[in-house]
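Asks: Sequence below, structure please.
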Amino acid sequence: MDSLVQILQFPASLLLAVAFLLAAFCLCHYAGSNSIVKAFGSLLTARILLAIGAIILAIEGTWSIPLHRSYVFLVFALLLLFALTATIYNGFKRKAKPGFLLNHIGIYLIIWAALFGSPDVSRSRMIVGYGHPQKMAYSSDGKVISLPFEVTLTDFHIDYYSDSISPRQFTSDIMVDGETMSVSVNNPCSAQGYTLYQDSYDWETHQYTVLQVVSDPWLPVVFLGMTLLALGSVLLLFGRWKARFVIPVTLLLTIVFTMLTVAKINFGTLMPALRSWWFVPHLFIYMIAYSLMAIALVIWIAASLKKRESWQTLSDNLVRSSSALLIIGMLTGSVWARQAWGDYWAWDAKENWAAVTWLVTLMHLHLKDKSGWKAITILILAFLALQITWYGVNYLPSAINSLHTYNS
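Replies: Numbering: from 1, shown residues only. Here you go, the predicted model:
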């Protein structure tokens, strides 16, 4: 796979991306009546691909097996992109609602840019000491990367909490080609197309700092996709809750779930990565999504027992709203992760299981009949995936390497 990545770097990456986009569009436009092409735009295919994606992410999220670097995942991603192309094309033809189009276009752009742009992403680390200009960085596989600028450490300091033991923030003051800059956790700086992040430091003498150096020319396309996906998800939230009790019950559950979550976090010695204004919206959005999912499951069971169609509709709308909030929460987390660690998606255990939960809710939304055994099975699976995402992930084999397993 690594040799293939080198071959597919720019400009080959851009040519392949454009070629795939044009080929997929031409197939949908000129061979739209073909049974195979039509099948790719169907709800059944959507459910199958969502299920495959959920299984892949669940395996990787449980055992840290890097399936995303395999040819199997590459084939899956290409099939998913073509299915999205067919769905978007058919959506424009039948003049689908803006929310539908924005969501699918947003997802398409994120996967398209992440897949075809991956060979162009440069991610390395450099050790910078006092008075020793450094231009070399090192990738995870030990390759030396020559940077177009020179970095020198002028000062490194740690801000501690009142206990004088727990670090509040790590900050590196550096000179980049003679220009004074500062890098700290959640506060990167940029230089000539690269972004520098505070990664680590000399724990014993503080004589050097370790910076992560990232270049991702496809990032604007990814962020555009995120923006469209967020807008589309917001549109799905309007006009969905008809019952008066939903809002107060949701708020009550959100408060309870939030209290249970923050109880595990010691705010008196909050780790630097969590000291971000993204923390509150990210957490609160997820807690609302969890609350809606719990209410939807209870209402679905009650609707089945009492044979109330209106309750069934309410449950479906709550699942839709929960799904929309799950992806908004995931997007805020991705932006935060990019700011803190230099990568909007690190294939971390908690990230993967969050995506599993969302994908399973999408499977529910892609069902024609939401009153049968398939609907309740998928809803229960989504609720179980939610439990793993929330707290169960801490007990999985992959938790040992997780960026999201915090000690209180």
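
Asks: and the gap between the nearest residue to residue 31 once chain neighbours are set aside and residue 280?
Replies: Counting by Cβ to Cβ, 6 or more residues apart in numbering, residue 31 lies nearest to residue 37, which is 5.1 Å off, once chain neighbours are set aside. C-beta here means a position set from N, CA and C on the backbone, and glycine is covered the same way. Residue 37 sits 45 Å away from residue 280, going by Cβ to Cβ, to the nearest Å.

Asks: Distance from the chain centre to stretch 188-197, please.
Replies: On the basis of Cα atoms, centre = their mean, to the nearest Å, stretch 188-197 is displaced by 22 Å from the centre of the chain it belongs to.

Asks: circling back to that earlier point, please report the number of neighbouring residues for the residue nearest to residue 31.
Replies: By other Cβ atoms under 10 Å, 19 other residues sit near residue 37.

Asks: any idea of the mean pLDDT for the one helix or strand it maps to?
Replies: Per DSSP states H and E, residue 37 falls inside helix 35-40. For helix 35-40, the mean per-residue pLDDT is 96.

Asks: Over to stretch 70-87?
Replies: Here stretch 70-87 scores 97 as its mean pLDDT.

Asks: which residues in the stretch 301-408 of the chain form helices?
Replies: 309-341, 349-365, 373-390 (DSSP state H, counting those that start in this stretch).

Asks: do the same with the stretch 51-200 of the chain
Replies: Secondary structure of the stretch 51-200 of the chain by DSSP H, counting those that start in this stretch: the helices cover 71-93, 98-117.

Asks: Which residue ranges of the stretch 151-300 of the chain form strands?
Replies: For the stretch 151-300 of the chain, strands defined by DSSP state E, counting those that start in this stretch occupy the ranges 167-176, 179-184, 189-191, 194-201, 208-215.

Asks: Tabulate those strands in a markdown table, adding columns for mean neighbour count and mean pLDDT.
Replies: Shown next, in a markdown table, are these (neighbours: other Cβ atoms under 10 Å; pLDDT from 0 to 100):
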| stretch | mean neighbour count | mean pLDDT |
| --- | --- | --- |
| strand 167-176 | 18 | 95 |
| strand 179-184 | 15 | 96 |
| strand 189-191 | 16 | 96 |
| strand 194-201 | 21 | 95 |
| strand 208-215 | 20 | 96 |
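
Asks: Residue 163: what's it in contact with?
Replies: By Cβ atoms under 8 Å, 6 or more residues apart in numbering, the contact list for residue 163 reads residue 269.

Asks: change the start of the numbering to 41 and stick with it
Replies: Taking 41 as the first residue, the last one we looked at is residue 203.

Asks: and it, what pLDDT?
Replies: Predicted confidence (pLDDT) for residue 203: 89.

Asks: distance of it from residue 224?
Replies: Remark: distance between residue 203 and residue 224 (Cβ to Cβ) = 20 Å.

Asks: swap in residue 436?
Replies: Distance of residue 436 to residue 224, given as Cβ to Cβ: 31 Å.

Asks: now the strands of the stretch 191-340 of the chain in TSV, with distance to residue 340?
Replies: Below are these laid out as TSV (distance: least, Cβ to Cβ, whole Å):
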stretch	distance to residue 340
strand 207-216	46
strand 219-224	47
strand 229-231	48
strand 234-241	44
strand 248-255	44
